[in-house]
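Trainee: model this:
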Amino acid sequence: MAAIVQDTAAPFIPIINAAVTAVQQTDLGKTIKEGLDIFSEGMPLFMNALDELKALHPFIGGELTQ
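Mentor: The predicted structure follows:
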């Protein structure tokens with residue numbers, strides 16, 4: 001399935017790359033990238049908090065669904 005998707009998408013990759021490159025050079029693009037970078041840097045902290053919540057709450061830990 002992945003090969004079919006790659007074959008279908010292949011002609012569009014240069015167009016997408018050109019569009020992304022152009023947007024990255026704008027102030028809005030830079031702001032979006034910075035926001036995504038900050039968001040991704042915070043993910044480990046968020047995931048650790050969810051792990052701690054899972055340890056405290058049986059429903060979130062999955063015990064009630066198994």
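Trainee: and residue 52, how far from residue 59?
Mentor: The spacing between residue 52 and residue 59, counted by CB to CB, to the nearest Å, is 15 Å. Quick note: C-beta positions are derived from backbone N, CA and C, even for glycine.
Trainee: return the helix or strand in the chain with minimum mean pLDDT.
Mentor: Scoring the helices and strands of the chain by mean pLDDT, DSSP states H and E places helix 58-61 at the bottom, with a mean of 67.
Trainee: low-confidence ranges in this structure?
Mentor: Applying pLDDT under 70 to the chain picks out residues 1, 60-66.
Trainee: so where does the residue most central in space within it fall, helix or strand?
Mentor: Residue closest to the mean C-alpha point of the chain, counted by CA atoms, centre = their mean, is residue 40 at 7.6 Å. Using DSSP states H and E, residue 40 falls within helix 27-56.
Trainee: in that helix, which residues are buried?
Mentor: Across helix 27-56, burial judged by 16 or more other CB atoms under 10 Å covers no residue at all.
Trainee: remind me what it packs against, helices and strands.
Mentor: Secondary-structure packing of helix 27-56 (3 or more CB pairs under 8 Å, 6 or more residues apart in numbering; DSSP states H and E): helix 13-24, helix 58-61.
Trainee: the inter-axis angle of it versus helix 13-24?
Mentor: 100 degrees (axes from the mean of the first three to the mean of the last three CA atoms, to 10 degrees).
Trainee: and helix 27-56, how far from the chain's centre?
Mentor: Here helix 27-56 is found 9 Å from its chain centre; the criterion is CA atoms, centre = their mean, to the nearest Å.
Trainee: now residue 17: how far from residue 27?
Mentor: Residue 17 sits 20 Å away from residue 27 when distances are taken as CB to CB.
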